[in-house]
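# Here is my input, please return the structure:
(one chain, ligands or ions: 1)
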Amino acid sequence: MSDNQLRLVWIYPDLLSTYGDQGNALVVERRARQRGLDVARLDVRSDQPIPTSGDIYLIGGGEDRPQRLAAERLRRDGHLHRAVENGAIVFSVCAGYQILGHEFINDLGQREPGLGLLDVVSVRGEGERCVGDVLADIDPQLGLPQLTGFENHQGVTHLGATARPFARTKIGKGNGTGDGTEGAYNGTVFGTYMHGPVLARNPQIADLLLKLALDVNALPPVDDRWYEALRTERIAAAQQPA
Ligand code: GLN
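Below is the predicted model of the structure:
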């Protein structure tokens, strides 16, 4: 972080914002401001270059065609790699998560190269689309409470040797491989299938991103009563029989 200002970059709201992903940007922004940080939020459309000086980058979910267009433009742009080399944090959801991997199946049924920032490969699931509530235990190394989310994807994501599962599902399909893994991360690059928007439903993840950006182990607490009520409600909803 430079000049005590957090630079938050929301990538391609025009292509990858099908699932209320702006909520993720709003939550990071608000929780940073609650801790007295100055935040500069940059919403970067797909016809604009990705800045390399961001601290936290967010990439949301999307339908299959916008996902292909976003992958093409991000590959051509090339700046996200540079940002990660500079130590930036990237948090991606669903289509964004698949784009960060080595490849995924695009809307034309072809193998589309991703950015290779996560050691994962996504294929097209042969079974039913994964749709529904998710309850997941996050990787204990990340030290956060149980997560809630909502998934909606056809892709199935296989993790390579250098990708750690972000979480393990109690309810829901997650990566869809049948091994109970949900999402993936490596260093400062994260991917999940959980919508919600996921950071509104799990603001501890937003705090995790802030701690990584600030290079601190703890943040001043904020009033989370509203979130706790939402969490209780969503856990109960997830546990309802379908
Ligand atoms: N198009 C991708 C899939 O179905 C991602 C969907 C999404 O972002 N929800 O797997």
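# Run the chain-centre distance for the worst-scoring helix or strand of the chain on mean pLDDT.
Of the helices and strands making up the chain, the lowest-confidence element is helix 225-239, at a mean of 91, by mean pLDDT, DSSP states H and E. Its chain's C-alpha centre and that of helix 225-239 lie 20 Å apart, by C-alpha atoms, centre = their mean, to the nearest Å.
# Which residues belonging to that helix are considered buried?
Applying a neighbour-count criterion of 16 or more other C-beta atoms under 10 Å, one finds 227, 230-231, 234, 238 buried in helix 225-239. Bear in mind the C-beta positions are built from the backbone N, C-alpha and C, glycine included.
# which stretches of the chain have low pLDDT?
Residues of the chain meeting the criterion pLDDT under 70: 242.
# mind running it again at 90?
Counting by pLDDT under 90, the chain shows low-confidence ranges at 1-4, 19, 196, 234, 237-242.
# in it, which spans are strands?
Using DSSP state E, the strands of the chain run over 5-11, 38-44, 56-59, 89-93, 103-105, 111-113, 120-124, 130-138, 147-153, 155-159, 167-171, 181-182, 184-186, 189-192.
# Can you check what angle separates the fourth one from strand 147-153?
Pointing back at strand 89-93 there. Interaxial angle, strand 89-93 versus strand 147-153 (axes from the mean of the first three to the mean of the last three C-alpha atoms, to 10 degrees): 60 degrees.
# so what strands line up beside strand 89-93?
Sheet partners assigned to strand 89-93 using DSSP bridges are listed as strand 56-59 (parallel), strand 189-192 (parallel).
# One more: the second one?
Using DSSP bridges, strand 38-44 pairs in its sheet with strand 5-11 (parallel).
# quick check, the partner strand touching the ligand?
No - Strand 5-11 lies out of reach of the ligand by C-beta under 6 Å from any ligand atom, never closer than 13.5 Å.
# Show me what counts as buried in that strand.
Neighbour-count burial for strand 5-11 [16+ other C-beta under 10 Å]: 6-11.
# Looking at the residues you listed, which is nearest the ligand?
residue 11 (13.5 Å; C-beta to the nearest ligand atom).
# Look up the residues forming beta bridges with the closest residue to the closest one other than its chain neighbours.
Excluding the flanking residues, the one nearest residue 11 by C-beta to C-beta, 6 or more residues apart in numbering is residue 59, at 4.6 Å. With DSSP bridges as the criterion, residue 59 is bridged to residue 11, residue 92.
# What parts of the protein come near the ligand?
Counting by C-beta under 6 Å from any ligand atom, the chain sits next to the ligand at 61-62, 64, 67, 94-95, 152-155.
# Pull up the gap between the residue nearest in space to the middle of the chain and residue 126, please.
Nearest residue to the geometric centre of the chain (C-alpha atoms, centre = their mean): residue 92, 2.7 Å. Counting by C-beta to C-beta, to the nearest Å, the gap from residue 92 to residue 126 is 24 Å.
# Over to residue 13?
32 Å.
# between these two, which one's more packed in?
The residue with more neighbours, out of residue 13 and residue 126, is residue 13; 16 against 8, by other C-beta atoms under 10 Å.
# Now do that one against the ligand, distance only.
Applying C-beta to the nearest ligand atom, to the nearest Å, the value for residue 13 to the ligand is 14 Å.
# isn't that residue right up against residue 19?
No - shown here, residue 13 and residue 19 do not form a contact pair, counting by C-beta atoms under 8 Å, at 11.9 Å.
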